[in-house]
Each structure stands twice: as structure tokens, then as C-alpha cells.
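Colleague: A structural model of the following input is requested.
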Amino acid sequence: MAPWRGGGGAVRTFSDEWLRPTVEDLVGKEKVDELRHGEVEHLSLWEAAVQHELTTDEALLGRLTTRFRLKLADLSRSEQHARDIVPESVARRYQILPLTISDSTLDIATANPFDLDCEKMLAFATGREVRSRLASPAEIRHKIEELYKPENVLTRLLEGMESAAEIEQLETEKEIDDLAISEEEASQRPVVRLVDLIISEGISSRSSDIHIEPEEGGVAVRYRIDGVLRQVMKIPRAAGLPLISRIKIISGMDIADRLRPQDGRARVAVNGIPVDLRVSTLPASLGEKVVIRVLDTSQTVLSLASLGLSTQEQEQIIGLLDNRDGVILVTGPTGSGKTTTLYSAIRHVQSEGVNIVTVEDPVEYRLQGIVQVQVHEKAGLTFASALRSILRQDPDVVLIGEIRDRETAQIAVQASLTGHLVLSTLHTNDAPNAVTRLVDIGMEPYKIASALRGVIAQRLMRRLCPTCKEVWVEAIPRKLHQWVPPDTPLYRAVGCPECAMTGYRGRFSIVEILKVTPEVERTIGANETADRIADVAQRGGMKTLWTSGLTHVLRGESTIDELLRVVDVPQEDSRDGAEPAAAKRTLGSRRRRSGGHPAVVERRRTSGATDAPTAAALGGEFDLIDPIVTVPRRGPNAKVLLVDDEESLRKVMRDLLEREGYEVEEASDGVEALDQVDRHAPDIVVLDLNLPGLDGYGVLNHLRSRPATENIPVVVLTAHGDEDSEIRVFELGADDFLSKPFRARALSARLQAVLGRPRPSD
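Modeller: Okay, the predicted model is just below:
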């Protein structure tokens, strides 16, 4: 470029006027004046002087470092953590590049070290002293583009995320032709690496599904492991579209069509092991959501023994499969393992002399020796039309992926009545409601009664990790007392590297098996309700989902929390055939554990409450003694038990209540609180939740679980003033809830109000 010659124009003031004396020393005052009056595109004197070849970046940097004793910036030392602290918008606004960061300082590269606005803003935003290092504007701008541009977001995301698994795409029968729009963008190396990482890590971590969901501020990646979704990373939105496009490419979808749902398949090999992927996209408000179903046949053992059933349950299912005709249904919500159970059943009946044909949508697992038909509704191949053709193929066993409509149900029933064994699924909550569902879609009850051989309702529960599970020492919820026998060891999930810190590893099935006996058949044919069918079936020996799950919990295979997550507690008038454990309970019994092993606590009953053991004598393991039930005193002169681990707060409350005329006792932890209840029989308890040892929830649960203490009023006083805590304490039986800090008069008024309420002992 030829030396610049200025022309006429308005006088310009540059943003870096502090630089003028230095530039004048290098190029002369006249040249700078020409820049001021010329048509200059830049607001920076530095850039204007360099662009018009009046000087160079190196000359300016050399003169400035000498004149102002500034240090030169090493732009190659820009740390990721520093860039995470300083947003891209700030870096571009002030044209600075974060270099390094510590607990007290932030080093930046800048061409204007005297920009006080920038320094103040960064110091305020980061809470650190800002130290400037000098670099040219062109170098800083180039480095910002290099480090902050969208395609490098993935490179930064992949830093430190290395997987030992190797993944390669296997050839599929369908050739991909149309890869328009984002093919080039989606084929960039960082995008390919990230997709490979997401899939390989998902498979290695035993996930059944990989969810990629656009949301505000990015794209979330979540794995469903043992039936529970866990978010593993969040990708910036700039990388979301190439990522999703790459997944659509490998699964044979149209990447140009983002407005319609699509389904595809892919086959990959992870460390040489082939894995099938079933991919589904769904257009959403923030972009396409992608769900990848992982069908890893190497990790799936299709046998009844692998389902985790009890011996009795397995024998019952085998008994149903011994039928040579009829309909057997597997019911449950989506993701409850129905397909795996059906395939396991098929494997059980499969032999050389048995012709088995399936019609599925989609075909999830490819089975050797079995003819599998994929539904294709656009081509006219529906469940009903496929079934008509299948029945002309002389099958012995027919598997229908799902009975969705009346036509499919009629053909299935007709096939069963003509000598075929038909296996299928329905979406119902329990086994008896499968009959109701068939009636709803138009089947006659008498046909259902004659064709149906049995219904298996099932759910999946997570299995406790054998490496880290621990004996559960807390009190069980009151609503479970009748179901859990005393002195039964229960366990809780802890979490370790073996189970990805979840406390669970693997799943098993819990089932409700309705066998159609003659009495059940008559009940179905009479078009009775599901409740009536359930009553008859339970008299014949059917166990409910709750009973099946509880059996696994009592065997130490899972937890109470997991059982309550999967199924509901039966109502008091439950039809469950299992005798409630409460019938075996006696007052004053509870579980006690020492050193992680169950031990039986000797049950004691007394006619009074004067000889209760102390907390010290029990060593932290206690037994509530049934005291004489007394009518609590009302108002002043009533006895109050203060339970709080803060001594200063207890002293303040004690002084307050004693001035009001109350008699006050104190406890500093949960075990001592229960001991004081037995010793002093308080009229009301003021209870903190955050206590050492046994917390306030445990204390409240114990009080409400014992007939001798269930009517003592309890006011919860806690710093946990959130809605969840409030709801939980009321569910456990608290009478009132007061958040810290509290007002003295308010506490006194609440105690008076609670004491004034009628109690069952009045």
C-alpha cells in the first residue's frame, strides 16, 4: 500500500488519545494532524497509523513498553478458565483478551492499558485486581476471533474429555444421498468427535437412551441410566445445530427438514462391539430434540432368569407360556421393560419345531430364527394388515408389538381362538385394567374371557449397588409401618464410582401376574369392573406390584425410596393379598443397628414413663418406652421441650417462655430429644430440623409412629423456610411451622394456639 495522503475532512478525536505523543515522536505531528482531518474509518489512532503505513505494531510496542514500563502480553498463554470468567461480549466490547487468573488477580492483554472504564468493570465483575499487558489491536482482535468463534466452542468443550472407547460407523443397507445444507458444517472434526464422545460415553455408562434437548442458553445432553435421566453436559447453542445435523446424517435422516418429526437407525461399533441406535427427532420451540435409543444386544440377556423375578413369579410366567393358544398380555407404562419381557418369553418358547412371527413398530432387537415384521404405515403395512398376512404363514406363536385399536385386538383374539399363542402389550397401570382397556377399544367381554390366558403388569426398579449400599438407620415413614416387619434390615443408596455416584446399578422387574382361572373368566365374561376382577384374582393368589416390589426391598435388593418412586402405597382397604406387617407389630419395638448389622432391640413395656433409659445409656441407639398418656396442660404453666443444637438460641427461647409462665426442658440433638420426651412428658415440643445425629424429620417421625407420643403437639422452628420443608413436616404430622428468625410474641402466640386445639386425648 502506498503511503497515505490526507485530504479534507472533519477533525477527529481518537479513543486512544493517550497514544498521540508516542505516535508523534515516531511519525511526526503533521502526519497525526492529517489523520485527524482525514477520512479515517477507525476510532483508534494505533490502527489508523498502522493501516496507513505510518508506523508498525512492533515499533509502537517497543516505544510504549520503554516509555510506560509496560509488559508485553503473551497471547499464547490465554487460559480457558480466564476466558470462562470474562464473557465474550465483554472481551469484544473493550477489545481485551483474558490471559491468566488467580484468586486475587486477572491478567489481560489490551492495546489501551489506560482504559479506566474497562479496568473498573472487570475488577467489579471478577472481584480481582486487573493487570494489563500490552498487545496490538490487530493481534487481540485476531485472537478473540480464534478463541471465541463458534467452531472452537466444541474444541474447548472436548479439552480434557477423552474416552478410552473407540467408535466407528458401520455400513447400513440404506445409502445416504441427500446431505445438503449443513453437511460440511456437521462434518467438521470437532463436531464428529463430540458426537462420537456422546454416543460412546452413553453406551459405556449403560444408558438406555441419550437425550439431546435444545433449551435456553444451550443444548443439554442427558443420559437415561437405570431409568433415571442425568444431565452430563451442556453445549452452547452455536454448536447445537451442527451436532444435531451430524446425528441425523449418521442415522439416515433428511437434515434439511427440521419442521417434521423423523425416525432413523444407525449401527456403530464401540471398541469393536456392534450397537444398534434408534434415533428420533421432534421439532420444538427452541430447535429439534433428538432421542437416541441404545440397543446394545451384548448387554441384554433375553431370558426370564435375567429379569430379576422371584422363583414363584418366574414359575407363574412359565406356566402361562405353556399354553398352546390364547392371549398373554404384558402391560405397563412406556419404559417399563415390556418389550424385553416379551422377547424373553419368545426365547423361552422358541425351539426348532415352533414357528414364531412378530410384528413390531419398531423392531428393537433382531432375533435369530424368528421372522420379524416391521410396521410401515405409509406403505399400508399396519399391525392389522400384517397380522392378516402372518396368520396365512402358519405360525405357532405370534408376537404383536402393541394392541392399539379394535381391529388389531379382534384379529389377535380371533387368532388365539383358532389355535395360536398370541403375545402382546397394552398401556395400563395394572393387570386387571387390561381387561377394561380391551373393552374400551371395542372388544366383547365374553370374547376376552375365552381368549385371555393371563396378564403380566410390570415396572422396573433400580437395584442397589452391592459395592456401596449401607444399612438404613433412619425411621421408616409412618405409612409403611404395617408393611415392614420389625427388626427387618433395610438399606439405602450411597453412591460410589462403580455406580456413577447414584447408589444403584442395574434394574429388575416387579410384576403383577393375573392368571385367568375359571372364576376370573366368569367375572370377565360378566363385564365386572377392574376392582372386582382384582378381588377375584387375589383370592386366587395374585400378588400386586406393591407386594412384588416390597419383597425385593425386604430382601435388601433395593430401597424404600425406590419402591415409592415406582409404585404407590396401597390404601387401607387395599386388596393386596399380603398380610400387613403391622398385624405382627407390638408397641415399643423398633429396629436397631450397630456397626452396619441388624440387631434386635428388646421390647419393653411399662405402666409409666418414669424409668425410661437415658440417651447416654443407649449410646445413640434408643427405644421409646410407652409412658402413661396424660392430658397436656394448656397455656402458661405448660411444659415445653426445646430441641435445638444452638445453645444461645435455646437460652433466648427459654428466657422468653419462662417469662410467659411455661416450664421449659431442653435437648441439643434428636436422640436426647426422644429421651427427654420419655422422661418429662412435655405438653408441646418446639423442634429444629437441622440436628446432629437424628435430625428433626426423624424425631417427628418417631413421635408420630408411637401411640404413646403421637398426640404430643409439635411446632417446627427452623431456618429451612422453603415450601418443600414445610410440606414435608406437615406430612409427617407437625402442628405448626415457624421460620427463623422469629418474633418472640409470634412464638408465644403460636404455642398458645396449638395448645388450645382439641387433641385426641382430651
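
Colleague: three-state assignment of Lys479?
Modeller: helix (DSSP: H, G, I helix; E, B strand; the rest coil).

Colleague: Near it, how many other residues are there?
Modeller: Look at Lys479: counted by other Cβ atoms under 10 Å, it has 12 neighbours. In short, each C-beta sits where N, CA and C put it, glycine included.

Colleague: correct me, but it touches Asp568?
Modeller: No - here Lys479 does not reach Asp568: they are 10.5 Å apart, not a contact under Cβ atoms under 8 Å.

Colleague: Local confidence estimate at Arg293?
Modeller: Listed pLDDT for Arg293 reads 89.

Colleague: can you check Gly588 too?
Modeller: Taking Gly588 on its own, its pLDDT is 33.

Colleague: and what of Ile101?
Modeller: For Ile101, the predicted pLDDT is 88.

Colleague: Likewise for Ala578?
Modeller: 45.

Colleague: cool, and the one 4 residues further on?
Modeller: At Ala582 the predicted local confidence, pLDDT, stands at 38.

Colleague: Helices of the stretch 1-150 of the chain, residue ranges please.
Modeller: Taking DSSP state H, counting those that start in this stretch as the test, the helices found in the stretch 1-150 of the chain are 20-27, 29-37, 45-51, 57-68, 80-85, 88-94, 116-126, 137-148.

Colleague: cool, and the stretch 601-750 of the chain?
Modeller: Using DSSP H, counting those that start in this stretch, helices in the stretch 601-750 of the chain cover 615-618, 647-659, 670-680, 696-705, 723-731, 744-755.

Colleague: For Gly698, which of the helices of the stretch 1-150 of the chain is the nearest?
Modeller: Closest of the helices of the stretch 1-150 of the chain to Gly698 is helix 80-85, at 41.3 Å (criterion: Cβ to Cβ).

Colleague: Low-confidence ranges, the stretch 151-300 of the chain, go.
Modeller: Within the stretch 151-300 of the chain, the ranges that satisfy pLDDT under 70 run 151-188, 297-300.

Colleague: before we move on, the earlier item: mind checking the helices of the stretch 1-150 of the chain for the one nearest to Val291?
Modeller: That would be helix 80-85 among the helices of the stretch 1-150 of the chain, by Cβ to Cβ, at 29.7 Å.

Colleague: Contacts for the closest one, please.
Modeller: By Cβ atoms under 8 Å, 6 or more residues apart in numbering, the residues outside helix 80-85 that reach it are 91, 98-101, 106-107, 126, 147-148, 156, 159.

Colleague: and if you look at stretch 410-423?
Modeller: For stretch 410-423, using Cβ under 8 Å, 6+ apart, the contacting residues are 321, 323-330, 342, 345-346, 349, 384, 387-388, 391, 395-400, 403, 424, 442-443, 447-448, 450-451.

Colleague: Please produce a PyMOL select command covering the buried subset of those residues.
Modeller: To isolate in PyMOL the members of those that are buried, counting by 16 or more other Cβ atoms under 10 Å, one can use:
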select buried, resi 321+325+326+327+328+329+330+342+345+346+349+384+387+391+395+396+397+398+399+400+403+424+443+447+448+450+451
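
Colleague: Could you tell me which of the contacts of stretch 410-423 are located in helices?
Modeller: With DSSP state H as the criterion, helices contain 321, 342, 345-346, 349, 384, 387-388, 391, 447-448, 450-451 from among the contacts of stretch 410-423.

Colleague: from these, which single one is nearest Arg437?
Modeller: So of the ones in helices among the contacts of stretch 410-423, ranked by how close each gets to Arg437 (Cβ to Cβ), first place is Ile448, at 10.1 Å.

Colleague: Where does the closest residue to that closest one other than its chain neighbours fall, secondary structure wise?
Modeller: Leaving aside its chain neighbours, Ile448 sits nearest to Leu438 (5.3 Å; criterion: Cβ to Cβ, 6 or more residues apart in numbering). Using DSSP states H and E, Leu438 sits in helix 432-440.

Colleague: Which neighbouring elements make contact with that helix?
Modeller: Packed against helix 432-440 by the contact rule (3 or more Cβ pairs under 8 Å, 6 or more residues apart in numbering; DSSP states H and E) you find strand 326-331, strand 421-426, helix 445-451, strand 452-464, helix 530-539.

Colleague: State the mean pLDDT of stretch 337-356.
Modeller: The average pLDDT within stretch 337-356 is 87.

Colleague: Name the residues of that stretch that are buried.
Modeller: Buried, per 16+ other Cβ under 10 Å, within stretch 337-356: 337-349, 356.

Colleague: what's the helix holding Leu438 in contact with?
Modeller: With Cβ under 8 Å, 6+ apart as the test, helix 432-440 has contacts from 329, 331, 403, 409, 426-428, 445, 448, 452, 455, 457, 514, 524, 527, 529-531, 533-534, 537.

Colleague: PyMOL command for the buried members of the residues you listed?
Modeller: Typed into PyMOL, the line below selects the buried ones among the contacts of helix 432-440, using 16+ other Cβ under 10 Å:
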select buried, resi 329+331+403+409+426+427+428+445+448+452+455+457+514+524+530+533+534+537
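
Colleague: picking up where we left off before, what's the closest of the buried residues of stretch 337-356 to Ser251?
Modeller: Among those, and counting by Cβ to Cβ, the member closest to Ser251 is Thr339, at 20.1 Å.

Colleague: show me where pLDDT drops low in the stretch 601-750 of the chain?
Modeller: Across the stretch 601-750 of the chain (using pLDDT under 70), the flagged ranges come out as 601-636, 720-721, 741-744.

Colleague: so who does Gly337 touch?
Modeller: 307, 458-460, 507, 509.

Colleague: one more time with 6 Å, if that's ok
Modeller: Listed by Cβ atoms under 6 Å, 6 or more residues apart in numbering, the contact partners of Gly337 are 460, 509.

Colleague: tell me the phi and psi of it?
Modeller: phi 90, psi 20 (degrees, to the nearest 10).

Colleague: ok, back up a step: and the residue nearest to Ile448, how far is that from Leu320?
Modeller: 17 Å (Cβ to Cβ, to the nearest Å).

Colleague: More neighbours: which of the two?
Modeller: Leu438 (27 against 20).

Colleague: neighbours of Gln538, just the number please.
Modeller: Neighbour count for Gln538, taken as other Cβ under 10 Å: 20.

Colleague: Quick check: it vs Thr544, distance?
Modeller: As judged by Cβ to Cβ, Gln538 and Thr544 stand 8 Å apart.

Colleague: hmm, back to that, let's have the buried residues of stretch 337-356 in TSV, adding distance to Ser705.
Modeller: Putting the buried residues of stretch 337-356 into TSV (distance: Cβ to Cβ, whole Å) gives the following:
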residue	distance to Ser705
Gly337	35
Lys338	38
Thr339	42
Thr340	39
Thr341	38
Leu342	43
Tyr343	44
Ser344	41
Ala345	43
Ile346	47
Arg347	46
His348	45
Val349	48
Ile356	53
